[in-house]
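Asker: Sequence and computational prediction follow.
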Amino acid sequence: MTQSKQSPSARRGSLDLTTTSGTSPGAERPAGLPPDLGLPHGGLSLATLCAQAGRGERDGEPHFPAIVQSTTFARAGIESTAEHTYSRASNPTVSALERALARLEDAPHAIAFATGLAAETALFQAVCRAGDHVVCSRGLYGGTTRLFEQILSRAGVRASFVDTRDLAALRAALTPATRLLFLESPANPTLHLTDLAAAAALARASGAKVCVDNTFLTGALQRPLDLGADASVISTTKLVEGHSVALGGAVVTRDAALAEELRFVRKCTGAIQTPFHAWLTLLGLKTLPLRIARQSESAEHIATWLAERIGAERVHYPTFEDPALAARQHLGLHGNVLSFELEGGYERACAVLRNVRLCTLVEHVGSVETLLTHSASMTHGGVAPAARRAAGISEELLRLSVGLEDPRDVIADLDRALLASAKEVASCVPA
Ligand SMILES: Cc1ncc(COP(=O)(O)O)c(C=O)c1O
């Protein structure tokens, strides 16, 4: 018998997500808890929902769900209506993750994919046809830009890249052929913010669907669907899983027809996440609210220190880019990613990377360790130099994804690297 068919009395300590008890909006919180907790998530705080995600409820059920690796599922007869038939279409472990991801954004549907880019590809395949037009934020993850420019163009879908901070420019870019507005806020790696509610209203008025890449904040710190988006896409490879061990992506939506189309595309193209990676992601999700709160607080602290050290105009963090919008659009904290540009150009950036000891040079964000990335050559290496410059990504820009270390240790590491790098580069730049 499946869990959903059981009577409540057959369950032990069942978590009733429809309850109105628990955390009430605006309730006073004990110190030290993550920030969103005044929000209603079916009456329970997000930290509670995530901690309990996937919990076994039936007598003798594993406390954490077992991985269902089976590729296929037995049927009682050809008229069987069993939920799972073949793991390319759906799988119990993937479904457990999907239920938890949907709750994270208060949505009825989450569809999990092998990677974040697989999720984005499925969204484009679900929404766009040859001859259609897409408008994108100019500040996008480089892989998304490459997908639009080099793959979707082959299917006859044209993309325009616009600085979506400028709503007049966005309005001018929307045409009768525009089917999709694809936004990323905060943008990778400039941390530029787009007013999601205003942008979504413009696009919907012109008949386009709106999708927000919510990878940098997750449903813990930003709720695009509440701001008017039709879909929120997330690379779970990053903060949701959090430990750099599992690839994944998801589209979250309240639009039942879009969800059905996405499941159809996934089944036809074979883009579903593997059960093992879904299982690892569910494990990571349990601690997401605590991790993202702590990592965001540390990031803001480090960004403030860096601004004093090298000048605020050289440091990018959501609250520096647009404080009023960050306060309105985010749920109390602003994410664990910042970026900075040092005097001394590309040479100086390389010298910093040679001199850090604690921060690791990788192409990744959102893990428990602090990570540094040289965006122009790594995440945005596949984007044409002119497009990179137009998006505000200079050769000296370094992106920092702040982890769970004590921020004082990270600051000491960066300080040492700033001093050493200034000595190393030929022209004597300020330390
Ligand atoms: C903002 C953003 N969106 C999407 C992706 C793509 O995710 P994945 O690597 O899981 O395909 C990334 C990857 O770095 C990203 O940073």
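Answerer: That came through, no problem. These numbers were taken from a predicted model, which means no experiment stands behind them.

Asker: was I right about L325 contacting L193?
Answerer: Yes: in this structure, L325 is within contact of L193 by CB atoms under 8 Å, at 5.0 Å. From N, CA and C alone the C-beta is placed, and that goes for glycine too.

Asker: More neighbours: the two, which one.
Answerer: L193 (24 against 19; other CB atoms under 10 Å).

Asker: check which helix or strand covers that one.
Answerer: Using DSSP states H and E, L193 sits within no helix or strand.

Asker: Report the contact partners of it.
Answerer: With contacts defined as CB atoms under 8 Å, 6 or more residues apart in numbering, L193 is in contact with R165, S185, P186, A187, P318, E321, D322, L325, A326, Q329.

Asker: who are the neighbours in contact with the closest residue to the ligand within the stretch 151-300 of the chain?
Answerer: Nearest to the ligand, among the residues of the stretch 151-300 of the chain, is S235, at 3.1 Å (CB to the nearest ligand atom). S235 makes contacts with T115, G116, L117, A119, D213, T215, G248, G249, as judged by CB under 8 Å, 6+ apart.

Asker: so where's the protein uncertain?
Answerer: Low-confidence segments of the chain (pLDDT under 70): 1-42, 427-428.

Asker: Show the secondary-structure elements that the lengthiest strand in it is packed against.
Answerer: Longest strand in the chain, counting residues (DSSP state E): strand 178-184. Judged by 3 or more CB pairs under 8 Å, 6 or more residues apart in numbering; DSSP states H and E, the packing partners of strand 178-184 are helix 116-127, strand 133-137, helix 196-205, strand 209-213.

Asker: go with 10 Å
Answerer: Counting by 3 or more CB pairs under 10 Å, 6 or more residues apart in numbering; DSSP states H and E, the packing neighbours recorded for strand 178-184 are helix 116-127, strand 133-137, helix 142-146, strand 158-162, helix 167-173, helix 196-205, strand 209-213, strand 231-235.

Asker: any idea which element the residue located most distally from the centre of the chain lies in?
Answerer: Taking CA atoms, centre = their mean as the measure, the residue most remote from the mean C-alpha position of the chain is G77, 41.3 Å away. Assessed by DSSP H and E, G77 sits outside every helix and strand.

Asker: start the count at 297, not 1, going forward
Answerer: All right, first residue 297 from here; so that's G373.

Asker: Any figure for the gap between it and the ligand?
Answerer: In this view, G373 and the ligand are 39 Å apart by CB to the nearest ligand atom, to the nearest Å.

Asker: domains in the chain, as residue ranges please.
Answerer: Following automatic domain parsing, one gets these domains for the chain: 388-581, 585-720.

Asker: For the longest one, measure first residue to last.
Answerer: The separation between the terminal residues of domain 388-581, taken as CA to CA, to the nearest Å, is 17 Å.

Asker: just stretch 536-544 next, same as before
Answerer: First-to-last residue span, stretch 536-544, CA to CA: 9 Å.

Asker: With stretch 427-447 instead?
Answerer: Stretch 427-447 has an end-to-end distance of 14 Å (CA to CA).

Asker: how about stretch 624-643: buried residues?
Answerer: In terms of neighbour count (16 or more other CB atoms under 10 Å), stretch 624-643 has its buried residues at 625-627, 629-638, 640, 643.

Asker: ok, which pair from those is furthest apart?
Answerer: Greatest spatial distance in those: L627 and E643, 39.6 Å, computed using CB to CB.

Asker: So which bits of the chain are right by the ligand?
Answerer: Within the chain, the positions near the ligand by CB under 6 Å from any ligand atom are 411-413, 437, 439-440, 480, 484, 509, 511-512, 531, 533, 543, 545, 661, 675.

Asker: cutoff 5 Å now
Answerer: T411, G412, L413, Y437, N484, D509, T511, S531, T533 (CB under 5 Å from any ligand atom).

Asker: And for K719, nearest residue in space, chain neighbours not counted?
Answerer: Spatial nearest neighbour of K719, chain neighbours left out: A727 (7.6 Å); criterion: CB to CB, 6 or more residues apart in numbering.

Asker: Which residue ranges of the stretch 297-446 of the chain form strands?
Answerer: Assigned by DSSP state E, counting those that start in this stretch, the stretch 297-446 of the chain shows strands spanning 405-409, 429-433.

Asker: any chance of those strands in JSON lines, with distance to L715 and mean neighbour count too?
Answerer: Listed next are the strands of the stretch 297-446 of the chain as JSON lines, based on distance: least, CB to CB, whole Å; neighbours: other CB atoms under 10 Å:
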{"stretch": "strand 405-409", "distance to L715": "44", "mean neighbour count": "27"}
{"stretch": "strand 429-433", "distance to L715": "36", "mean neighbour count": "24"}
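
Asker: what is L657 paired to in the beta sheet?
Answerer: Counting by DSSP bridges, L657 is bridged to L668.

Asker: Just to check, it is in contact with M674?
Answerer: Yes: assessed by CB atoms under 10 Å, L657 is found in contact with M674 at 8.6 Å.

Asker: Quick check: neighbours shared by the two?
Answerer: Common contacts of L657 and M674, defined by CB atoms under 10 Å, 6 or more residues apart in numbering, comprise L668.

Asker: Pick out whichever of these two has more residues nearby.
Answerer: A direct count of neighbours by other CB under 10 Å for L657 and M674 places M674 higher, at 17 against 14.

Asker: quick one, what contacts the nearest residue in space to that one that is not next to it in sequence?
Answerer: Take M674 and drop its neighbours on the chain: the residue closest to it by CB to CB, 6+ apart is E659, 4.6 Å away. Counting by CB under 10 Å, 6+ apart, E659 touches G438, G439, L667, T669, H670, S671, S673, M674, T675, G677, R695.

Asker: I am finished for the moment; much appreciated.
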